[in-house]
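# Just to be clear, the model below is a prediction. Sequence and coordinates:
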Amino acid sequence: MNRILSVLLLILVCAGAAADPMKGDGALSGKVTDKSSGEALIGVTIYFPELSRGTTTDIDGKYAIGDLPERKLNVEVRYIGHKTIVTSVDMATTTHLDFKLAESDATMQEVVVTGLTGNILKKDSPTPITVVGAAQLNATPSTNIIDAISKQPGVAQITTGSGISKPVIRGLGFNRVVVVNDGVRQEGNQWGGEHGIEIDPQSISSAEILKGPASLMYGSDAMAGVIIFHDEVLPAPGKVVANASTEYQTNNGLFDYSVNAKGNNGGVVWSGRWSDKMAHAYKNRSDQYVLGSQYRERAAEGLVGINRKWGYSRLTLDYYHLTPGMVEGERGYSHSYGKSLPFQQVHHYKAVAENTLFLGKGTLKAIMAYQQNRRQEFEDSPEEPGLDFMLHTVNYDVKYKLPITDKLNMATGIGGMWQRSLNKGSEYLIPAYQLFDIGAFATTTYNTGKWVLSGGMRVDNRHLHSFELKGLFDRFSRDFTGVTGSVGAVYNATENMTFRMNVARGFRAPNLGELASNGVHEGTVTYEIGNHSLRPEYSWQADLGWDYTSKMLTTSLAIFTNFIDNYIFTQKLDGVKTDGYDTYKYIQGDARLIGGEASVDFHPVDRLHWANTFSYVNSVQLHQPADSKYLPYTPAPRWTADIRYDIVRDGTTLNNAYAAVQMECNLRQNHYYALNGTETATPSYTLFNVLAGTDIRTNGKKRASIYLSCNNIFDRIYQSHLSRLKYLGVNPANGRTGIFNMGRNFTVKVMIPIEI
């Protein structure tokens, strides 16, 4: 497979070079200064989203980047503590461009996002999109990449201890959220309740969170939305840069480090990274140490590619290895970082060939990838796994975007995947299967200035074949076809006020776990039974949004209603034990979800920010009695508040220094799936965190970044409603039911850029 990808990459590189042999003619240079003082700004990022590359300003505030195509490009100018500039540059006529950055206030930051129709301005998207940048990711203490973004409005996480998190968007999770990394959807047996996301957090520079059905671009499973993780920006020609980072957390002894080097030699780009992380069992005042919550994580990434005026071609190779323990309810005392039975072992390999060609005014992007996910569970022996899944996935995706006029854009494409899953262990939960998925879409956007109209349609087909295992699994085949679409509009009422609206149709085919499970799922301590007759899920979702921004205030409101036909979930069978485990069977019904998010960022004086967000979702199963009325895994209403003061901006020794106090209030969750004791109510709780950070400079260059924090500073005992450990037995020491979340946790993180 690697040979095939390499040959494909070579063919496209040669084809592009033959089509346009010119190198380095398109170039842009200039200077970036502070708007009020006129001083040069050092380390400002100049980024071209369509090209996935950029550069930074030097000690004199100057920048230069070459090998640019002679066409209109969006350019982002970003610098911490200052307002981002996004502008369009015609590279056929422009070679020099200076920028003046104003200090940041409460006005909304503009940014280019992937959106539902390709690269667009965030303000022009009819559906809500949240962007989490590198500065915010670095400053947020977390134990995994989903944990790092889980406090964003409308986002939550289903957790299994501190090491495993699954994303939830507006009350929907599991296979209803598509995660994209390296340009392709991440496939790693994500149907499992304790199966996390196999992505190295250190390799991520930013995250986009698309809320609502995104089936147009991503096909089946994007019913709740999409999380897109972006890699670090590659350097400009002639530059080689490196960095190292390390982190320590006191509660679970988490220690990690990551080293990265990347360069650009005349348009030939390369990058390499190695990351390592370990943590022992976490603790809280109720359970002491939660045995089995320790984990070890290792990851490696390598990239090689070429940038030219005709486009770019890149080959990325990823390796990820996670060894988490399995929490089964034992408490005690343990500082061990080593493996102890039971535990899991996950290996994820990925190779991605990404190719972008500029054809006239249009852009053709072709991606082909191979992923292998090996997930093993060890219960009785550290050498012989019980469950042992091996999943092979081939992703393919071809998109073409054409600006028909200055106001009208069109995008069309075809994509899908092939999968083959094998059982290689002595125990079984799902049968071996084969899957082929294909979809075609077309979208369009029309921008009149005041109005931005967008919409499109998509057709998907998924064929799934399950193989027989006598006495356990039947042989069967299913075909699922879905037609989806969306139509939306953005109205720029004034320069500071925007209204947005969207209606979308979503589609999701049942996965093999839902269709054919029949076995003990050790990681969830349950026996699961599938349902061959499940029908695909369809949804209708309507979104309304309002944004207002001024010098002192930024507010936004997004509300939605979502009707889902054939919603699939597990029902606990009353009094049924199979092999000694509670037994769950997959069923479906019609559901309705309503809710939304609100945010207010108040900037009363220079350098002081007071940001508030509120998230709410009400998930109801229609036509059901009270004990089965609400859907399982519905997040509690949440209010977050963040008071931040920027102590130093553009300092000589300390730069971008800040201090912050955060509050997270999760209200009582009384809306839960009560049938047969599947879920219980969750009391309200409020957590307080403190954070501080700064860059350290000498001779005008950044030498290090330091981040300090304390989460749950008052050491509150609490259980998240979405914690899977909430139902693991009774603590004999105090009579409390279930495992509690992490207690007080201090974190220190250091990041060091290295000159080469």
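Perfect, I can see it now.

# Can you tell me the SS state at the residue positioned nearest the centre of the chain?
Central residue of the chain (CA atoms, centre = their mean): residue 227, 3.8 Å from the mean position. Per DSSP: H, G, I helix; E, B strand; the rest coil, the secondary structure class of residue 227 is strand.

# Who are the contact partners of it?
149, 167, 169, 177-180, 207-210 (CB atoms under 8 Å, 6 or more residues apart in numbering). Backbone N, C-alpha and C define where each C-beta goes, glycine included.

# Same check on residue 705?
So residue 705 contacts 138, 693-696, 750-752 (CB under 8 Å, 6+ apart).

# Max pairwise distance over the contacts of residue 227: which two?
149 and 178 (14.6 Å; CB to CB).

# following the top strand by length along the chain, which helix or strand comes up?
Longest strand in the chain by number of residues (criterion: DSSP state E): strand 553-578. Going down the chain from strand 553-578, the next helix or strand is strand 581-602, by DSSP states H and E.

# Tell me the spacing between residue 288 and residue 341.
20 Å (CB to CB, to the nearest Å).

# ok, now residue 685?
From residue 685 to residue 341 the distance is 33 Å (CB to CB).

# can you check residue 271 too?
Taking CB to CB, one finds residue 271 at 38 Å from residue 341.

# For those two, indicate the residue with more neighbours.
Between residue 271 and residue 341, residue 271 has the larger neighbour count (other CB atoms under 10 Å), namely 22 against 12.

# ok so the more buried one is a strand residue?
Yes - per three-state DSSP, residue 271 lies within a strand segment.

# isn't it right up against residue 300?
No - the criterion here is CB atoms under 8 Å, and residue 271 misses it with residue 300 at 11.5 Å.

# coming back round to it: among the contacts of residue 705, name the ones in strands.
Judged by DSSP E, the contacts of residue 705 include 693-696, 750-752 as members of strands.

# Among the residues you listed, which one sits closest to residue 400?
Of all the ones in strands among the contacts of residue 705, residue 400 sits closest to residue 751, with 38.7 Å by CB to CB.

# The closest one: neighbour count?
Residue 751: 19 neighbours (other CB under 10 Å).

# Could you do residue 674 as well?
For residue 674, the count of nearby residues is 18 (other CB under 10 Å).

# and it, what pLDDT?
At residue 674, the predicted lDDT confidence score is 92.

# from memory it sits against residue 625, does it?
No - counting by CB under 8 Å, residue 674 does not reach residue 625; the two are 9.8 Å apart.

# Now the common contact residues for the two.
Common neighbours of residue 674 and residue 625 (CB under 8 Å, 6+ apart) do not exist.

# how about the strands of the stretch 151-300 of the chain, start to end?
155-160, 164-169, 177-181, 184-185, 204-211, 225-231, 240-249, 255-265, 268-279, 283-284, 288-290, 295-308 (DSSP state E, counting those that start in this stretch).

# among these, which is the most enclosed?
strand 164-169 (a mean of 26; mean count of other CB atoms under 10 Å).

# Okay, angle between it and strand 204-211 too, please.
Angle between the axes of strand 164-169 and strand 204-211 is 40 degrees (criterion: axes from the mean of the first three to the mean of the last three CA atoms, to 10 degrees).

# and the angle from strand 164-169 to strand 225-231?
For strand 164-169 against strand 225-231, the angle by the same axes, to 10 degrees is 120 degrees.

# Go ahead and name everything in contact with strand 164-169.
For strand 164-169, using CB under 8 Å, 6+ apart, the contacting residues are 143-144, 146-147, 149-150, 154-159, 173-174, 176-177, 179, 190, 193-197, 209, 211, 224-225, 227, 295, 324, 633, 635, 722.

# how much does that strand deviate in direction from strand 155-160?
Using the same axes, to 10 degrees: strand 164-169 against strand 155-160 is 150 degrees.

# roughly how far is strand 164-169 from the heart of the chain?
From the chain centre to the centre of strand 164-169 is a distance of 9 Å (CA atoms, centre = their mean, to the nearest Å).

# now swap in stretch 299-307 and tell me
Distance, centroid of stretch 299-307 to centroid of chain: 20 Å (CA atoms, centre = their mean).

# Tell me who's in contact with residue 133.
Residue 133 neighbours (CB under 8 Å, 6+ apart): 78, 205-206.

# Also residue 424?
With CB under 8 Å, 6+ apart, residue 424 has these contacts: 388-390.

# neighbour-wise, which of the residues you listed leads?
Most surrounded of these: other CB under 10 Å gives residue 389, at 24 neighbours.

# What pairs with the helix or strand where that one lies, parallel or antiparallel?
Following DSSP H and E, one finds residue 389 within strand 388-403. Sheet partners assigned to strand 388-403 using DSSP bridges are listed as strand 362-378 (antiparallel), strand 408-423 (antiparallel).

# CA-only coordinates of it in CSV, if you can.
Written as CSV, here are the backbone C-alpha positions of strand 388-403 (Å, rounded to 0.1, in the frame of the first residue of the first chain):
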residue,chain,number,x,y,z
ASP,A,388,-8.2,-8.4,18.9
PHE,A,389,-9.6,-6.3,16.2
MET,A,390,-7.6,-5.4,13.0
LEU,A,391,-9.3,-2.8,10.8
HIS,A,392,-7.9,-1.8,7.4
THR,A,393,-9.3,1.4,5.8
VAL,A,394,-8.6,3.0,2.4
ASN,A,395,-9.9,6.5,2.1
TYR,A,396,-10.3,8.3,-1.2
ASP,A,397,-11.4,11.8,-1.9
VAL,A,398,-11.4,14.1,-5.0
LYS,A,399,-12.8,17.6,-4.9
TYR,A,400,-12.8,20.4,-7.4
LYS,A,401,-13.6,24.0,-6.5
LEU,A,402,-14.2,26.7,-9.1
PRO,A,403,-14.9,30.4,-8.6
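
# Tell me the gap between it and the middle of its chain.
17 Å.

# now it: mean pLDDT?
The average pLDDT within strand 388-403 is 94.

# what's the answer for stretch 312-328, then?
94.

# of all the strands paired with strand 388-403, which lies closest to residue 738?
strand 362-378 (21.9 Å).

# list the buried ones in that closest one?
Residues of strand 362-378 classed as buried: 363-378 (neighbour count, 16 or more other CB atoms under 10 Å).

# what's the answer for stretch 599-615, then?
So stretch 599-615, judged by 16+ other CB under 10 Å, has buried residues 599-601, 603, 607, 609, 611-615.

# any chance of the residues you listed in TSV, plus distance to residue 27 and pLDDT?
What follows is the buried residues of stretch 599-615, written out as TSV (distance: CB to CB, whole Å; pLDDT from 0 to 100):
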residue	distance to residue 27	pLDDT
599	40	95
600	43	95
601	38	92
603	38	86
607	37	85
609	38	90
611	39	94
612	44	96
613	42	96
614	47	97
615	45	97
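
# so which of these would you say is closest to residue 475?
Residue 475 has its nearest neighbour among these in residue 615, at 44.1 Å by CB to CB.
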